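Student: how does the following fold in three dimensions:
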Amino acid sequence: MSKFSEIQQRIINQEYYLSNHAETERIEDNVEIEDIENAILKGKLIEKQVDAKSSKYLIQGATLDNRVITVVCTMLNKELRIITVFEE
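Tutor: Next comes the predicted model:
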């Protein structure tokens with residue numbers, strides 16, 4: 001299973017959490033939780049960023065009202081963490 005497929009499966013299983021920063025950003029950009037889930041499930045992996053600590057995945061997709069958003073997430077101790085979300 002690819003890492004992107006694993007991320008999508010965690011969304012399906014509701015096995016993820018939003019960082020405080022992601023929660024703040026989603027509220028400021030008027031992005032609902034369902035929009036984040038939709039973007040990850042129907043979007044595409046546009047970039048993988050690797051540093052000494054972890055890998056970050058940038059996923060771009062549409063909200064339920066067809067706005068384009070980017071979701072940045074990471075797998076931390078086998079948990080999916082949504083780091084931030086922003087509208088394009």
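
Student: strands along this structure, start to end?
Tutor: For the chain, applying DSSP state E gives strands covering 16-18, 44-50, 55-62, 68-76, 79-87.

Student: dump the ones you listed into a markdown table; add mean neighbour count, mean pLDDT and distance to residue 37 as well.
Tutor: Quick note: C-beta positions are derived from backbone N, CA and C, even for glycine. Shown next, in a markdown table, are those (neighbours: other CB atoms under 10 Å; pLDDT from 0 to 100; distance: least, CB to CB, whole Å):
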| stretch | mean neighbour count | mean pLDDT | distance to residue 37 |
| --- | --- | --- | --- |
| strand 16-18 | 16 | 97 | 9 |
| strand 44-50 | 11 | 96 | 15 |
| strand 55-62 | 18 | 97 | 10 |
| strand 68-76 | 19 | 95 | 9 |
| strand 79-87 | 18 | 95 | 10 |
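
Student: among the ones you listed, which comes closest to residue 29?
Tutor: For these, proximity to residue 29 was assessed by CB to CB; strand 79-87 is nearest, at 4.9 Å.

Student: so how many other residues sit close to residue 33?
Tutor: 11 (other CB atoms under 10 Å).

Student: how close does it sit to residue 27?
Tutor: Between residue 33 and residue 27 the distance is 11 Å, computed by CB to CB, to the nearest Å.
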